[in-house]
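Student: Need the 3D shape of this:
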Amino acid sequence: MHMSHDAMLLVDALRDPAVATRLDASGWTALLTIARVEVLLGTLARRLSGLPVPEAVEPILEEARVNAEYQRRSALWEADCARRALDDYPGKVVLMKGTAYVAAGLKAGEGRHIGDLDILVAKLDLPQVETALLRAGWEWVKEDAYDDAYYRDHMHELPPLIHKERDRMIDVHHTILPLTARPRPDAAAMLADANALANGLYVLSPTDMLIHSAAHLFADGELDGGLRNLWDLHCLMTEYGDDAFWPALTNRAAHHQLLAPVERAARLAHQLYGTEIPNGWRRWHRQDRHYIRRLTARDHWGRGTHKFTRVIFYIRSHWLRMPPMMLARHLWTKWRKSA
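Tutor: The predicted structure follows:
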């Protein structure tokens, strides 16, 4: 079988798992390698459940499923630890990203790798939340005055905290994009419309959850891990995307000044994963092919390809996050410290 020398092999297998059953040995090796570096092995393993796979492949997939289940339980436990630490805090504590997907029992959480715990709280309440977490055993990851000041003045979250016994990180957000970014999402509206879970924690409303995922992918990063984020978006659109959802999503994304990244997320999810989106959302944009090139830039060993495209997206990610003079000053300070 012809070897696809990029991550389209993984995209095709996620989109239609039966594709994988036709692979030869080198095809399987490439698929599993790319899935691992894209942190989608657990998701792929879930998608391939019950399908005939080579004898040597099954234990790898089974281990990935076990590992994903362990991560799911760890994430929920970590969320519960944060809930108990913030017991006296009267505001909403909103789970975000992977932990939110598994806590809400969403398709996006199935087999998903989950790293840090991300929560959203009201900006004015940050000192109270920070104090409670420090009291409950979390501590600063970086004891660095410049980084600390930079986070507090310009970022959308506190400097990362790590629990000294459990070695797990928590990122406490007060909005979804750096304060230096051009779009200004309405964090207060996100908190106001968040949905309560049975345990007293919250998750974002369906539209806000999708908008946050798209913002994280296109307005804040260099697209590393992009295929995983786009799979999250595919799952959210598939699960929530009834007729009423799309007009609501349009209005809400416009309100948060994030309609362009949300529309791009829908187009690319449709293009790569076959996500069902309304016809009006399918207007192809000439830059989309660059995004697809960047998202699928891997060889069959899982190594990054298209160096120039990657560099352009890396520069773009910084450019989106801050104005030019500030960017120059920030990069200069970081370079001086590393030198």
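
Student: Dump the host helix or strand of residue 30 to PDB, restricted to CA.
Tutor: For residue 30, the enclosing helix or strand under DSSP states H and E is helix 25-37. The C-alpha coordinates for helix 25-37 follow below in PDB (Å, rounded to 0.1, in the frame of the first residue of the first chain):
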ATOM      1  CA  ALA A  25       3.100  -3.400   8.700                       C
ATOM      2  CA  SER A  26       5.000  -0.200   7.800                       C
ATOM      3  CA  GLY A  27       1.700   1.700   7.500                       C
ATOM      4  CA  TRP A  28       0.800   0.600  11.000                       C
ATOM      5  CA  THR A  29       4.200   1.600  12.400                       C
ATOM      6  CA  ALA A  30       3.800   5.100  10.800                       C
ATOM      7  CA  LEU A  31       0.200   5.400  12.000                       C
ATOM      8  CA  LEU A  32       1.000   4.500  15.600                       C
ATOM      9  CA  THR A  33       4.200   6.700  15.600                       C
ATOM     10  CA  ILE A  34       2.300   9.800  14.300                       C
ATOM     11  CA  ALA A  35      -0.600   9.200  16.700                       C
ATOM     12  CA  ARG A  36       1.800   9.100  19.600                       C
ATOM     13  CA  VAL A  37       3.600  12.300  18.700                       C
END
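
Student: what comes up buried for that helix?
Tutor: 27, 28, 29, 30, 31, 32, 33, 34, 35, 36, 37 (16 or more other CB atoms under 10 Å). C-betas here are computed from N, CA, C, even on glycine.

Student: hang on, residue 262 is in a strand, isn't it?
Tutor: No. According to DSSP: H, G, I helix; E, B strand; the rest coil, residue 262 belongs to no strand; its state is helix.

Student: Please name the nearest non-neighbouring residue to it.
Tutor: Distances taken as CB to CB, 6 or more residues apart in numbering put residue 253 closest to residue 262, at 4.1 Å, once the chain neighbours are dropped.

Student: Look up phi and psi at the one you found.
Tutor: Main-chain dihedrals, residue 253, degrees, to the nearest 10: phi -60, psi -40.

Student: burial measure for the closest residue to residue 97 other than its chain neighbours, as a count.
Tutor: Spatial nearest neighbour of residue 97, chain neighbours left out: residue 118 (5.0 Å); criterion: CB to CB, 6+ apart. Residue 118: 23 surrounding residues under other CB atoms under 10 Å.

Student: How confident was the prediction at residue 118?
Tutor: Listed pLDDT for residue 118 reads 97.

Student: what about it, which SS state?
Tutor: strand.

Student: wait, what's in contact with it?
Tutor: By CB atoms under 8 Å, 6 or more residues apart in numbering, the contact set of residue 118 is 95, 96, 97, 99, 170, 171, 173.

Student: Looking at those residues, which is nearest residue 300?
Tutor: Within these, the smallest distance to residue 300 is 29.2 Å, found for residue 97 (CB to CB).

Student: any idea how far residue 119 is from the closest one?
Tutor: Per CB to CB, to the nearest Å, residue 97 is found 10 Å from residue 119.

Student: now do residue 280
Tutor: 35 Å.

Student: Pull up the per-residue confidence for the closest residue to residue 154 other than its chain neighbours.
Tutor: Spatial nearest neighbour of residue 154, chain neighbours left out: residue 180 (5.0 Å); criterion: CB to CB, 6+ apart. Reading off the confidence values, residue 180 has pLDDT 73.

Student: starting at the chain centroid, how far to stretch 91-107?
Tutor: Offset of stretch 91-107 from its chain centre (CA atoms, centre = their mean, to the nearest Å): 12 Å.

Student: Do I have it right that residue 21 meets residue 53?
Tutor: Yes. Assessed by CB atoms under 8 Å, residue 21 is found in contact with residue 53 at 6.9 Å.

Student: quick one, which of those two is more surrounded?
Tutor: Legend: neighbour count by other CB under 10 Å for residue 21 and residue 53, higher for residue 53 (18 against 13).

Student: picking that back up, mind giving me JSON lines with the buried residues of helix 25-37 and columns for pLDDT and distance to residue 91?
Tutor: Below are the buried residues of helix 25-37 laid out as JSON lines (pLDDT from 0 to 100; distance: CB to CB, whole Å):
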{"residue": "27", "pLDDT": "93", "distance to residue 91": "51"}
{"residue": "28", "pLDDT": "96", "distance to residue 91": "49"}
{"residue": "29", "pLDDT": "94", "distance to residue 91": "49"}
{"residue": "30", "pLDDT": "92", "distance to residue 91": "48"}
{"residue": "31", "pLDDT": "95", "distance to residue 91": "45"}
{"residue": "32", "pLDDT": "96", "distance to residue 91": "44"}
{"residue": "33", "pLDDT": "94", "distance to residue 91": "44"}
{"residue": "34", "pLDDT": "93", "distance to residue 91": "42"}
{"residue": "35", "pLDDT": "96", "distance to residue 91": "39"}
{"residue": "36", "pLDDT": "95", "distance to residue 91": "39"}
{"residue": "37", "pLDDT": "92", "distance to residue 91": "39"}
